[in-house]
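Participant: Let's see this in three dimensions:
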Amino acid sequence: MKARIITAAALAALTLGVAAHAQEDPAMGQGFNMLTGAVYNSLSAQGFDTSNIDKLTLSEIAQIRSLLTDMGNNERQRIELILDRAAG
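Facilitator: Have a look, this model is predicted:
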């Protein structure tokens with residue numbers, strides 16, 4: 001559990017740095033689009049509402065991607081919470 005928290009914190013720190021550069025570098029924007037597309041496909045396959053995926057930040061996309069790798073009831077609820085916030 002402790003390793004998972006550390007991994008999540010490191011991932012969040014990295015995504016915040018990448019988000020700032022994504023606006024300046026077209027290749028980073030393309031990477032963001034590819035990641036978003038992969039998350040969209042995974043969420044759709046799991047039956048999630050993906051209508052607001054375009055409102056998610058890079059950090060939220062990365063969080064969802066991480067949660068999808070270890071999918072359980074708790075992870076599903078966390079993903080739904082992130083998607084609900086984006087629908088805001």
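
Participant: Which helix or strand contains the residue nearest the centre of the chain?
Facilitator: Centroid-nearest residue in the chain, with CA atoms, centre = their mean: residue 61, separated by 1.5 Å. Using DSSP states H and E, residue 61 sits within helix 58-68.

Participant: Next, the buried residues of the following helix or strand past that helix.
Facilitator: Scanning forward in sequence from helix 58-68 by DSSP H and E, the next helix or strand is helix 73-87. By 16 or more other CB atoms under 10 Å, the buried positions in helix 73-87 come out as 79, 82, 83. For glycine as for every other residue, the C-beta is placed from the backbone atoms N, C-alpha and C.

Participant: Of those, just say which sits nearest to residue 50.
Facilitator: Lowest distance from residue 50 to the buried residues of helix 73-87 (CB to CB) belongs to residue 83, with 7.8 Å.

Participant: Distance of residue 65 relative to residue 88?
Facilitator: Residue 65 is 21 Å from residue 88, where distance means CB to CB, to the nearest Å.

Participant: More neighbours: which of these two?
Facilitator: residue 65 (17 against 6; other CB atoms under 10 Å).

Participant: Going by secondary structure, the closest residue to that one other than its chain neighbours is in what exactly?
Facilitator: Distances taken as CB to CB, 6 or more residues apart in numbering put residue 39 closest to residue 65, at 5.4 Å, once the chain neighbours are dropped. Residue 39 is part of helix 26-46, with elements assigned from DSSP H and E.

Participant: buried sites along that helix?
Facilitator: 28, 32, 35, 36, 39, 40, 42, 43.

Participant: mind listing what the residue nearest to the centre of the chain touches?
Facilitator: Listed by CB atoms under 8 Å, 6 or more residues apart in numbering, the contact set of residue 61 reads 15, 32, 35, 36, 39.

Participant: how about 6 Å then?
Facilitator: The neighbours of residue 61, taking CB atoms under 6 Å, 6 or more residues apart in numbering as the test, are 35, 36, 39.

Participant: And residue 57, its phi and psi?
Facilitator: Main-chain torsions, residue 57, degrees, to the nearest 10: phi -80, psi 170.
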